[in-house]
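K.L.:
One predicted model, sequence on top.
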Amino acid sequence: MIPTVPPSLLPIFVVAPLLGAAVLLLVRRRAVDTAVLIGVPIAVGLGALWLLAWHRTEPVISHAVGGFSDVLAIPFVSDTLSAVMLLVTAVATLAASIFLVLTGESRYRFLPPLVLLLSAGVNGALLTGDLFNLFVWVEVMLMPSYALIAVTGSWRRLGIGRLFVLVNLLTSTVLLIGVGFVYGTAGTVNLASLAGAGSEDPATAAALAVVLLSLAVKAGMVPVHSWLPRAYPGTSAGIMALFSALHTKVALYAMYRIVAVTFSDGLPFLAVLAVLVLVTILVGAFSTASARRVRTAMGHQMVSGVGHILLGLVLFTQLSVTAGILYLVHHVITMSALLLTTGAIEHTYGSGRLDRISGLARRDPWVVGVLALGLFSLVGLPPTSGLWGKVGLLRASAEQVTIGGSMLGWAAILAVIVASVGSLLGLQRMWRGIAWGEDMTTYRPDDPRVGRGDPLPLPDEVRVPWRLAMPGAAMMALSLAMFVGIGLVLPTIDTAATDLLDVDAYVEAVIGR
């Protein structure tokens with residue numbers, strides 16, 4: 001039996017990383033940095049597991065900080081979906097944090113507290129029940145992110161990082177304007193109070209569309225997507241793994257939550273969104289072939305993944321929402337595995353360019369094996385979680401065709417299949433060079449005593465250290481576990497979709513009516 005704990009403890013998911021960041025600013029010890037940086041995500045993950053167990057009997061719990069009324073309070077709301085997101089983002093943060101410790105990046109000035117501040121913003125955004133506070137928590141996420149780019153970046157990376165800063169500053173401004181419009185039209189920004197408002201009032205629907213637009217840009221949806229595969233690879237591999245798991249996924253989660261609560265009769269601009277989502281799936285998949293760096297290819301795959309996840313929102317049935325959430329969880333785990341594995345390769349050999357790394361199947365066969373499984377997962381091949389994600393989306397699309405002969409269903413099926421082929425072709429090109437190209441003879445060691453200009457002869461004993469490859473391998477093992485244990489995972493994901501669509505329970509828990 002799960003012990004009953006007051007919902008007033010929900011804010012601890014934000015307080016814990018904030019408190020950890022404060023401790024690290026006061027206590028400047030490397031051992032303390034490492035312990036807190038790794039310990040906080042573990043604690044958040046355990047708390048998320050406790051929430052998942054609690055939600056088996058109580059679908060939605062809510063706490064208004066300070067006990068104020070629903071109009072003035074800072075509401076924290078949790079259901080199965082938010083608990084799943086807390087868990088998967090905590091696991092991805094843990095893997096990235098361990099990688100940052102192993103590569104030595106955690107020694108950079110203020111990096112551990114910055115990561116914890118980012119985690120606090122993520123947890124707040126996942127648990128908030130208020131649009132204005134969503135904006136606040138997104139800003140809490142972004143402020144340390146700007147610093148993380150600067151701390152871990154070269155001069156070249158700092159130049160690219162400006163793009164990240166400009167795009168997110170602009171979209172945050174649009175988000176705040178949209179929240180203001182919502183308040184002006186509906187008189188509230190509390191999500192529970194806005195239940196069904198998008199379907200009842202065209203003005204509120206237009207205001208909510210501005211909010212969704214800003215989140216779509218942050219997520220990287222076509223046609224405002226090109227910044228993502230340009231900016232994210234400008235960070236280090238560990239930070240890119242963090243950003244991939246947190247930034248885009250929080251935006252996608254928020255879009256799911258806002259649409260489910262406020263548009264009870266469906267989106268009035270569904271046709272436009274559907275076209276953009278289908279194009280996003282295809283553009284991201286086929287752009288992969290043009291990449292010159294491994295992490296740039298991963299950036300394009302992130303764009304395609306955004307389209308796949310939003311497809312569940314476009315179809316918006318119980319089955320499609322379940323498939324969309326499943327694909328989101330799979331994408332966090334798979335991209336984390338791939339980015340950390342390619343980061344280990346990049347850290348060892350000093351480059352992530354496709355024309356500088358080759359022949360790794362002979363030099364690092366087990367690392368290349370992890371990479372191959374990750375690429376399988378992106379394409380949707382067994383034995384990885386990507387198979388079930390794409391099967392779920394295809395089933396949801398086929399359901400649309402079966403019920404009403406929907407052209408959207410046919411278009412979605414075609415887009416998913418064609419994108420899988422496009423991803424296969426682009427990733428196969430990358431794989432052929434990395435795994436089976438000529439043996440490397442030079443490298444650029446990551447050593448401050450050695451210049452990073454001219455490459456040095458590559459000694460035969462240089463290999464990717466197993467400890468450096470373990471975080472990515474562990475995340476890949478999770479993907480394999482999802483494939484094997486889908487019968488255990490799917491009921492929780494289905495419950496998350498049910499809780500998301502049960503707006504009455506959400507409203508009852510938050511404002512009591």
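P.N.:
Yep, it's here.

K.L.:
Which residues are in contact with Ser420?
P.N.:
Counting by C-beta atoms under 8 Å, 6 or more residues apart in numbering, Ser420 makes contact with 285, 379-380, 390. Just so you know, the C-beta spots here come from the backbone N, C-alpha and C atoms, and that holds for glycine as well.

K.L.:
Does it lie in a helix or a strand, and which?
P.N.:
helix 407-436 (DSSP states H and E).

K.L.:
could I get the contacts of Ser420 as a markdown table with secondary structure, pLDDT and neighbour count?
P.N.:
Listed next are the contacts of Ser420 as a markdown table, based on DSSP: H, G, I helix; E, B strand; the rest coil; pLDDT from 0 to 100; neighbours: other C-beta atoms under 10 Å:
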| residue | secondary structure | pLDDT | neighbour count |
| --- | --- | --- | --- |
| Ala285 | helix | 92 | 30 |
| Val379 | helix | 91 | 23 |
| Gly380 | coil | 89 | 25 |
| Lys390 | helix | 92 | 24 |
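
K.L.:
and which of the residues you listed is nearest to Val15?
P.N.:
Val15 has its nearest neighbour among the contacts of Ser420 in Lys390, at 38.5 Å by C-beta to C-beta.

K.L.:
Setting aside sequence neighbours, what's the nearest residue to the closest one?
P.N.:
Distances taken as C-beta to C-beta, 6 or more residues apart in numbering place Gly380 nearest to Lys390, at 3.7 Å, with adjacent residues excluded.

K.L.:
what sits against the one you found?
P.N.:
Gly380 touches 386-387, 389-391, 420, counting by C-beta under 8 Å, 6+ apart.

K.L.:
secondary structure element for Ala344?
P.N.:
Using DSSP H and E, Ala344 falls in helix 318-349.

K.L.:
model confidence over the following helix or strand past that helix, on average?
P.N.:
Using DSSP H and E, the helix or strand that follows helix 318-349 in sequence is helix 360-363. In this model, helix 360-363 carries a mean pLDDT of 86.

K.L.:
Quick one: residues in contact with stretch 503-513.
P.N.:
Contact with stretch 503-513 is made by 59-62, 70, 75, 77, 79, 129, 190-193, 195-196, 260-261, 264, 499, as judged by C-beta under 8 Å, 6+ apart.

K.L.:
Kindly apply the preceding question to stretch 475-489 instead.
P.N.:
Applying C-beta under 8 Å, 6+ apart, the contact partners of stretch 475-489 are 91-92, 95, 326, 329-330, 333-334, 336-337, 340-341, 370, 373-374, 377, 382-388.

K.L.:
what does stretch 295-306 give?
P.N.:
Residues contacting stretch 295-306 (C-beta under 8 Å, 6+ apart): 219-222, 225, 228-230, 232-233, 237, 240, 244, 248, 252, 280-285, 287-288, 290-291, 327, 331, 335, 338-339, 342-343, 346, 352, 378, 419, 423, 426-427, 430.

K.L.:
Need the buried ones from the residues you listed selected in PyMOL.
P.N.:
In PyMOL syntax, the buried subset of the contacts of stretch 295-306 is picked out as below (16 or more other C-beta atoms under 10 Å):
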select buried, resi 219+220+221+222+225+228+229+232+233+237+240+244+248+252+280+281+282+283+284+285+287+288+291+327+331+335+338+339+342+343+346+352+378+419+423+426+427+430
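
K.L.:
Quick check: what element follows the helix holding Ser420 along the chain?
P.N.:
Using DSSP H and E, the helix or strand that follows helix 407-436 in sequence is strand 442-443.

K.L.:
Check for me that Val464 belongs to a strand.
P.N.:
No - secondary structure assignment (DSSP: H, G, I helix; E, B strand; the rest coil) places Val464 in coil, not in a strand.

K.L.:
Do I have it right that it meets Asp364?
P.N.:
Yes - shown here, Val464 and Asp364 form a contact pair, counting by C-beta atoms under 8 Å, at 4.8 Å.

K.L.:
can you give me the helices for the stretch 201-350 of the chain?
P.N.:
202-219, 227-231, 237-262, 270-287, 294-315, 318-349 (DSSP state H, counting those that start in this stretch).

K.L.:
tell me the mean pLDDT for the first one?
P.N.:
The reference is to helix 202-219. Here the average pLDDT along helix 202-219 is 93.

K.L.:
ok, and for it, which residues are buried?
P.N.:
Here helix 202-219 shows 204-219 as buried, counting by 16+ other C-beta under 10 Å.

K.L.:
now, which of the residues you listed sits nearest Gly104?
P.N.:
Looking across these and measuring by C-beta to C-beta, the closest to Gly104 is Lys218, at 30.2 Å.

K.L.:
quick one, what contacts the closest one?
P.N.:
138, 168, 171, 247-248, 251.

K.L.:
one more time with 6 Å
P.N.:
171, 251 (C-beta atoms under 6 Å, 6 or more residues apart in numbering).

K.L.:
Distance check, it against Asn168.
P.N.:
For Lys218, the distance to Asn168 equals 7 Å [C-beta to C-beta, to the nearest Å].

K.L.:
Met407 now?
P.N.:
36 Å.

K.L.:
ok, now how distant is the residue in the chain sticking out farthest from the centre from Tyr443?
P.N.:
Largest separation from the mean C-alpha position in the chain: Pro457, at 38.2 Å (C-alpha atoms, centre = their mean). If you measure Pro457 against Tyr443 using C-beta to C-beta, the figure is 8 Å.

K.L.:
Over to Gly198?
P.N.:
55 Å.

K.L.:
Please apply the same query to Gly312.
P.N.:
Counting by C-beta to C-beta - Gly312 and Tyr443 are separated by 43 Å.

K.L.:
Where does pLDDT dip in the stretch 101-250 of the chain?
P.N.:
152-159 (pLDDT under 70).
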